[in-house]
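Asks: Generate coordinates for the sequence data below:
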Amino acid sequence: MREALAAIKKTAAYSHLLFCFGLATLIFSAEEPPLVWQKLYDSGFHDVAIGLDSDNSGNVYLTGQTGNDFNWDCLVIKYDYLGQTKWVKKYDTGRNELGYAVVADNQEHVYIAGQIFNGANWDFLILKYNSSGDLIWAKTYDWGGTDGAYAIGVDNADNVYVFGQAVIPGLGLNYLTLGLDSQGNKRWQSIYPKGNPAFDSYGLAIDGQVDHGADVYVCGYSGTDILVIKYEASGTKQWAKTYDLGSLEFAQGMTIDSEHNFYLTGMFYNSAAAKWNAFLMKGDGNGIATWITKVDSHHNETGFDVALDSKGAIYVSGTANNGVDDDMLLIKFDPQGKSLWRITYDTGSQNRGFGLTLDPLFNVFVTGYCLRRDYDCLTLLYKQIPISIEKRPVDRR
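Replies: Coordinates of the predicted model:
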């Protein structure tokens, strides 16, 4: 009972903060935010976190993989906003299962996209959990070759959209976008030639503020250029566009703002310096590029995920090499793509940054992994502290 009362008090305090901030505009410092907590997950085997999302209550969910060279399981962890572990779930059918992406809906259901080995090759794996961590359903989809689901989203009608790749007999390797209903049943699928199998490049974002329900954006690469495809919720393709930064480039993370603009991050090869750099790109709902920011650094650097806050600031997570090994990377940009601050997190060994999410209080969460005795999941919370609050007038009519 004591634990239940404490949980109620924490939830009530969080809701009160949301209510108060709803009546005001927060002004944040342009300085780097402090690290509030870090969470390690170590099962005693290799543990890798890749996907990250948050719900309206301030909880965060990560997915990835846990296991060893002989067996891997899909890993899902829920933390509250204080960094306390609420539950840990491993999806294990006795075969290899891998988690790559996670999304939470408005009812705090949690959806996972990944892969499962069928004994001969890999299939799409999609899981749905409730807020308590109980598995609601598990679906696999097989097109006959090596298939994998790497990005996932859900719209306001609880339709689920999955993006990945499939090797289809007679058609070869293709990007594959899958539309599912709330029970995981296939509504539609669409393919687009992938071409080069050497690189993983997958992102998905849902625009739920359109008259026809939702638009679905996916991103990757085509040839040597960035690829973005826009679908209606019914699966009808509206357009497919490519963008050339002048070299070899890949889009890996994607999000949408309230005005139907999309934002991409990824990496491009800087041939003049012989290294990889991260980029941030903004485009409109018709696929026209608005601006592109190239992030220069002394060593290799990649963008993996991207998120927005309600003031239009943009956040990118990824990995930056420090000349010896890799660090987790987090950058904040203003709405025009100008860098405001940049943070690297180094445990003294190999670190990789992947998933990124923000909660309603502008707290920034990043996940990935670090190397200790083996690989362990590492999740960080940076708290942006407001330097002033502009009160909004209350309509008392």
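Asks: what helices or strands is the helix or strand hosting Leu381 leaning on?
Replies: For Leu381, the element it lies in under DSSP states H and E is strand 375-382. In terms of contacts (3 or more CB pairs under 8 Å, 6 or more residues apart in numbering; DSSP states H and E), strand 375-382 is packed against strand 35-41, strand 46-54, strand 60-67, strand 72-79, strand 326-333, strand 364-371. Any C-beta I mention is one placed from the backbone N, CA and C, and that applies to glycine too.
Asks: Export that strand to PDB, keeping only CA atoms.
Replies: C-alpha atoms of strand 375-382 as PDB (Å, rounded to 0.1, in the frame of the first residue of the first chain):
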ATOM      1  CA  TYR A 375      27.600  -4.600 -23.700                       C
ATOM      2  CA  ASP A 376      25.100  -3.000 -21.400                       C
ATOM      3  CA  CYS A 377      22.000  -0.900 -22.100                       C
ATOM      4  CA  LEU A 378      22.600   2.800 -21.100                       C
ATOM      5  CA  THR A 379      19.800   5.300 -20.800                       C
ATOM      6  CA  LEU A 380      20.400   9.000 -19.900                       C
ATOM      7  CA  LEU A 381      18.000  11.800 -18.800                       C
ATOM      8  CA  TYR A 382      19.000  15.400 -19.300                       C
END
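Asks: what pLDDT, on average, does that strand get?
Replies: For strand 375-382, the mean per-residue pLDDT is 97.
Asks: now do stretch 260-272
Replies: Stretch 260-272 shows a mean pLDDT of 94.
Asks: likewise stretch 117-128?
Replies: Stretch 117-128 comes out at a mean pLDDT of 96.
Asks: can you tell me the distance between the two ends of that stretch?
Replies: Start-to-end span of stretch 117-128 (CA to CA, to the nearest Å) is 19 Å.
Asks: hmm, back to that, what does the strand holding Leu381 rub up against?
Replies: Under the contact criterion CB atoms under 8 Å, 6 or more residues apart in numbering, strand 375-382 has outside partners 32-42, 46-49, 52, 60, 62, 64, 75, 77, 79, 81, 83, 328, 330, 343, 345, 347, 351, 363-370.
Asks: go with 6 Å
Replies: Strand 375-382 has contacts (CB atoms under 6 Å, 6 or more residues apart in numbering) with 33, 35-42, 46-49, 363-370.
Asks: coming back round to it: what would the helices and strands packed on strand 375-382 look like in TSV with mean pLDDT?
Replies: What follows is the helices and strands packed on strand 375-382, written out as TSV (pLDDT from 0 to 100):
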stretch	mean pLDDT
strand 35-41	97
strand 46-54	97
strand 60-67	98
strand 72-79	98
strand 326-333	97
strand 364-371	97
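Asks: that older thread, please indicate which of the contacts of strand 375-382 are buried?
Replies: Among these, those classed as buried by 16 or more other CB atoms under 10 Å are 33, 39, 41-42, 46-49, 363-370.
Asks: So which of the residues you listed is the closest to Ile288?
Replies: Ranked by distance to Ile288 (CB to CB), the buried ones among the contacts of strand 375-382 are led by Val364 at 29.1 Å.
Asks: distance of the closest one from Asn59?
Replies: 15 Å (CB to CB, to the nearest Å).
Asks: returning to what we had before: so which pair among the buried ones among the contacts of strand 375-382 is furthest apart in space?
Replies: The most distant members of the buried ones among the contacts of strand 375-382, if one measures by CB to CB, are Pro33 and His46, lying 30.1 Å apart.
Asks: re the thing from before, could you tell me the angle between the strand holding Leu381 and strand 364-371?
Replies: 150 degrees (axes from the mean of the first three to the mean of the last three CA atoms, to 10 degrees).
Asks: Now do the spatially closest residue to Asp155 that is not a sequence neighbour against Asn174, distance only.
Replies: Once flanking residues are discounted, Asp155 sits nearest to Ala214: 3.9 Å by CB to CB, 6 or more residues apart in numbering. Taking CB to CB as the measure, Ala214 falls 23 Å from Asn174.
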